[in-house]
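Novice: I would like the atomic coordinates for the input below:
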Amino acid sequence: MGDQQTYKTVVIQFLIYSGIAFFILLVCVYGFIGAQLWAPVAAYVLSFLFVASNFFIVRKVKKGSGNGFYRQFFVTLSLRFILVIIALVVILKATEFHKINFTVSFIISYIFHSAIEVHSINKIIEIYN
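Specialist: Numbering: from 1, shown residues only. Now for the predicted structure:
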């Protein structure tokens, strides 16, 4: 029960840090380009969905199954990367907002989320090991 509570705490911290990253992104984008916030918000949501989806795999971490975890993690990481590229291309082709703003916002928010994800995964691995 303690491990489950700690896992929830790490996920909640991930969500809080992601919210802070979202606020920072919006402030920076609004400060630099004005009121065109649709592209950065879409980019943030896309990166959040793909990074946060990894917590379903991380949740399966158990003591003593390190090799299996790393194999699952890297396979899902590659699948998520391919899906992100496909989604990015579809959004860039299908929408009419500023593509440069979207792309830059997506890259920045994906880096934010990836850094937060690595920090959170390390905490989760510490819980189970």
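
Novice: what helix or strand is the spatially most central residue of the chain on?
Specialist: Among the residues of the chain, the one closest to the centroid is residue 51, at 2.7 Å (CA atoms, centre = their mean). Assigned by DSSP states H and E, residue 51 belongs to helix 38-52.

Novice: which other helices and strands contact that helix?
Specialist: helix 2-33, helix 66-94, helix 99-128 (3 or more CB pairs under 8 Å, 6 or more residues apart in numbering; DSSP states H and E). No exception for glycine: its C-beta is placed from N, CA and C like everyone else's.

Novice: with distance to residue 41 and mean pLDDT added, can I get the ones you listed in TSV?
Specialist: Converted to TSV, those look like this (distance: least, CB to CB, whole Å; pLDDT from 0 to 100):
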stretch	distance to residue 41	mean pLDDT
helix 2-33	8	74
helix 66-94	12	80
helix 99-128	8	78
